[in-house]
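S.K.: What follows is a predicted structure for the sequence shown.
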Amino acid sequence: MDIQEKHFIRQQMKAKRKLIADRDQKTNLVTGRVLRTKAWQQSKQVGIYAAIEGEVQTEALIQAAYEQHKRVALPKIAADRSMQFLQMNKNSLMKRNRYGIEEPCDSQVLTFEAIDLLVIPGLCFAKNGDRLGYGGGYYDRYLKETKGIKMGLAFNEMMLEELPREETDIRMDLIVTDQHEYWS
Ligand SMILES: Nc1nc2c(c(=O)[nH]1)N(C=O)[C@@H](CNc1ccc(C(=O)N[C@@H](CCC(=O)O)C(=O)O)cc1)CN2
Ligand SMILES: Nc1ncnc2c1ncn2[C@@H]1O[C@H](COP(=O)(O)OP(=O)(O)OP(=O)(O)O)[C@@H](O)[C@H]1O
């Protein structure tokens, strides 16, 4: 039942996301808010997603992280639906994976313990920190292991009052949108 409901919300949000206006401007607002959080300012090693169309974009955050001398790691997915974060620098080579998402070719894996802040994409989020992704379970599997702060990024239009939950779903500690921050 919940799984069907998730499927339905996914379809709805994919369509809705395309219609969000002023996405670049809103990305700038999200970026500014993230940079002002204590979680960002205190982090030394950030795991951050390479954005795809429709998501809050992350180039400016990645750039800021380099400039602030943080260690930056991007996710790389594997056939068994696991995911690792690989440490990057400005010259690292990137390649598109099977979903068309840019990922590191080959660099050092950052361990679960090393990452103190994870910046996470989603199709939509709930105010209590629940997250809905594309349904691969990549982030749920990864986040089970991590000790870092889990920060989801969203446009305000992607926030719902609540989401159906499964036992394996991992809550965000914090969601940053163009208008608010939601702590859980
Ligand atoms: N930027 C970003 N990176 C991410 C995620 C994400 O949501 N955003 N993921 C979060 O988990 C993982 C990748 N998961 C994904 C799973 C499916 C599709 C996707 O486009 N699915 C198509 C069908 C494609 C196919 O079946 O081959 C679709 O839903 O229409 C994209 C990402 C890991 N990296
Ligand atoms: N820790 C886990 N171990 C094994 N299977 C898991 C785990 N977490 C999630 N799954 C499975 O992965 C599938 C997708 O999960 P879910 O619908 O929560 O994905 P999602 O959060 O939308 O996707 P993603 O994390 O890739 O963005 C489900 O069948 C779920 O049972």
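M.R.: Ah, there it is. Ligands and ions are numbered 1, 2, ... in the order given.

S.K.: Next, give phi and psi for the residue most central in space within the chain.
M.R.: The chain has Ile120 as the residue nearest its centroid, 1.5 Å off, counting by C-alpha atoms, centre = their mean. Here is the backbone geometry of Ile120 (degrees, to the nearest 10): phi -120, psi 130.

S.K.: Tell me how far it lies from ligand 2.
M.R.: To ligand 2, Ile120 is 9 Å away according to C-beta to the nearest ligand atom, to the nearest Å. No exception for glycine: its C-beta is placed from N, CA and C like everyone else's.

S.K.: That residue contacts Met172, doesn't it?
M.R.: Yes. The pair Ile120 and Met172 qualifies as a contact (C-beta atoms under 8 Å) at a distance of 6.6 Å.

S.K.: what's the overlap in contacts for those two?
M.R.: 131, 150-152 (C-beta atoms under 8 Å, 6 or more residues apart in numbering).

S.K.: What ranges does this protein have for its helices?
M.R.: In the chain, the helices defined using DSSP state H lie at 2-18, 23-36, 38-42, 59-67, 138-143.

S.K.: Would you mind naming what in the protein lies close to ligand 2?
M.R.: 6, 132-141, 144, 166, 168-169 (C-beta under 6 Å from any ligand atom).

S.K.: how about the nearest residue to Leu86 once chain neighbours are set aside, what does it touch?
M.R.: Nearest residue to Leu86 in three dimensions, chain neighbours excluded: Pro104, at 4.1 Å (C-beta to C-beta, 6 or more residues apart in numbering). Residues counted as contacts of Pro104 (C-beta under 8 Å, 6+ apart) are 74, 76, 86, 88, 92-95.

S.K.: Contact residues of the protein facing ligand 1?
M.R.: Taking C-beta under 6 Å from any ligand atom as the contact definition, the chain meets ligand 1 at 49-52, 55, 75, 77, 83, 99, 101, 121, 133-134, 136, 138-139.

S.K.: ok, 5 Å please
M.R.: 49, 52, 99, 101, 121, 133-134, 136, 138 (C-beta under 5 Å from any ligand atom).

S.K.: List buried residues within those residues.
M.R.: Buried subset of these (neighbour count, 16 or more other C-beta atoms under 10 Å): 49, 101, 121, 133, 138.

S.K.: what two of those residues are the furthest from one another?
M.R.: Of all pairs drawn from these, the greatest distance, 12.2 Å, lies between Ile101 and Gly133 (C-beta to C-beta).
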